[in-house]
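S.K.: Give me a model of this one.
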Amino acid sequence: MSWLVTLHNRPMSIKFKTFTSSMHKRFFMLMLVSVGLMGMLLMIGDSSANAAERSITTIVAEPHITITEPLKRPYYLDFVVNNTGDDDILMDIIPVQGDFDAWKGNVHDRYRSINVTRVRLSPRESNDELSFRFTVPQDVQNGTYSFIFDLASENGILLGKLRYDVTIEKPVVEELPDLIMEPRYEILDGYRGETFSFQVNLTNTGSENLEFGLSANLPRGWSAKFKPRWENTRIRTIIVDPAIRNTGLEVLVSTPETTDPGLYDIEFILDNEEIGQNTLGVQLNLKGRPVIEVETSGGRLDVDAVAGSQSDLVMIVKNTGSGEAGTVRFLSQAPQYWSIQYDPSQVIDLKPGDQAEVKASIIPPDKTIPGDYYIRSVASTVLGQTELNLRINVARSEAVGVIGILLILAVVGANLALFYRMSTR
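M.R.: Next up is the predicted model:
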């Protein structure tokens, strides 16, 4: 009996071990396949994310600004988004950090005056019409405030980020005994050769009038003129009455055309014999001015064209000024139903001394009467525009001439046939 039990149990034991080993192998193979598939998916996801990330670039003109006198109106900080890839991109602009509600912050299309949360870009297309728009809260404290946007594809893939740091530094009033000086603007931007207006509020906290002599420390060749605000009288001294809380002083600073672009420090000095000098430092940021010129590649301003056919003209746009031109757009004024196309339609960041070629394709309508027509081609920037007037000499299409000859022959043939029939009767 014992022998039978042992014989019976042995096969059962062998069968159980074989089954367990097979299950282990299947489980192990299944784990290997799962890990491999997950790795492939991660590699594909990373590859697509990296490819998408490389196809989007952003240019932020002022990622960090300092505001000393917050204005009640909104601020606009421009940026450019470029699609450097070969595919269309539908991109969401998602605010992820910052008190956007209190600052009324959003991305704004400054030409259409609308808020933007999604942008579509064709291959190689740039959008330079967007700005970070915000309003500084009235009760804001001094400090740096960060605002971050995620740029994400419609599938949720992160393509890039926009970050703006806004530093609030309300002016520390420079104070002499019984005198307060408050500038309206501490930094002004502009172009060399212009005159800039700095406005200063003066408050006498004492009990008697204070008279101050006026002067300024300026770069060589510059000049400054002092006058009461809202008046045209030039003054060298000013009396600050304690009964008037803010006595308005305006300083007009003139810069020569030959001044190099850059940031310049200016110092205004108010001197009183009893309480000494009070100085106020401001800055002037001078930029080079772009000058746009447009001409044709051959110098001719007349173009031969055929009704219904395309004629191409190569134009040369140059920046002969001292500053970057930003975006140069091309527009045209032509007779009704004419087609004028530019390739490219805009030139971005044309630096001083650089030039670019733009092809203009002109198609007069099929039924255009032969003769001379005029087209006004315009290269436009934020600072102005340059025009190029073209004369288009339109000739009749050869196909129209052939059709006309055939019609004439048909009429002559019909008349001859009619004459023949009548002569045979």
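S.K.: can we go C-alpha only for contacts and neighbour counts from here?
M.R.: Noted.
S.K.: Just list the residues touching residue 297, thanks.
M.R.: 314, 315, 316 (C-alpha atoms under 8 Å, 6 or more residues apart in numbering).
S.K.: Work out for me the element the last one sits within.
M.R.: Using DSSP states H and E, residue 316 maps to strand 311-319.
S.K.: Please compute how far that strand lies from its chain's middle.
M.R.: Here strand 311-319 is found 23 Å from its chain centre; the criterion is C-alpha atoms, centre = their mean, to the nearest Å.
S.K.: quick one: average pLDDT of it?
M.R.: Strand 311-319 carries an average pLDDT of 91.
S.K.: most surrounded residue in the contacts of residue 297?
M.R.: In terms of neighbours by other C-alpha atoms under 10 Å, these top out with residue 315 at 20 neighbours.
S.K.: partner residues bridging that residue?
M.R.: Taking DSSP bridges as the rule, residue 315 bridges to residue 296, residue 358.
S.K.: if I look at the closest residue to residue 256 other than its chain neighbours, how far off is residue 116?
M.R.: Nearest residue to residue 256 in three dimensions, chain neighbours excluded: residue 193, at 4.7 Å (C-alpha to C-alpha, 6 or more residues apart in numbering). For residue 193, the distance to residue 116 (C-alpha to C-alpha, to the nearest Å) stands at 38 Å.
S.K.: same deal with residue 99?
M.R.: 18 Å.
S.K.: Could you do residue 287 as well?
M.R.: Counting by C-alpha to C-alpha, the gap from residue 287 to residue 116 is 30 Å.
S.K.: Have a look at the two and say which one is more surrounded.
M.R.: Shown here are residue 287 and residue 116; by other C-alpha under 10 Å, residue 287 has more neighbours (18 against 15).
S.K.: Just the element for the most centrally placed residue in the chain, please.
M.R.: The residue lying closest to the centre of the chain (C-alpha atoms, centre = their mean) is residue 128, at 3.1 Å. Taking DSSP H and E as the criterion, residue 128 maps to strand 126-134.
S.K.: and that strand, which strands flank it?
M.R.: strand 75-83 (antiparallel), strand 106-109 (antiparallel).
S.K.: The ones you listed: which one's closest to residue 382?
M.R.: strand 75-83 (13.2 Å; C-alpha to C-alpha).
S.K.: Give me the distance between the closest one and the centre of its chain.
M.R.: How far strand 75-83 lies from its chain's middle: 5 Å, per C-alpha atoms, centre = their mean.
S.K.: packing partners for the helix or strand that it is followed by?
M.R.: Per DSSP H and E, the first helix or strand lying C-terminal to strand 75-83 is strand 89-97. Packing contacts for strand 89-97, counted by 3 or more C-alpha pairs under 8 Å, 6 or more residues apart in numbering; DSSP states H and E, involve strand 118-121, strand 143-153.
S.K.: And the strands in the stretch 201-350 of the chain, which stretches?
M.R.: Secondary structure of the stretch 201-350 of the chain (DSSP state E, counting those that start in this stretch): strands at 210-217, 223-228, 237-240, 247-254, 262-272, 276-287, 292-296, 302-306, 311-319, 327-333, 339-343, 346-348.
S.K.: Can you add distance to residue 179 and give those back as a markdown table?
M.R.: Listed next are the strands of the stretch 201-350 of the chain as a markdown table, based on distance: least, C-alpha to C-alpha, whole Å:
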| stretch | distance to residue 179 |
| --- | --- |
| strand 210-217 | 8 |
| strand 223-228 | 17 |
| strand 237-240 | 9 |
| strand 247-254 | 11 |
| strand 262-272 | 10 |
| strand 276-287 | 9 |
| strand 292-296 | 48 |
| strand 302-306 | 68 |
| strand 311-319 | 49 |
| strand 327-333 | 47 |
| strand 339-343 | 61 |
| strand 346-348 | 49 |
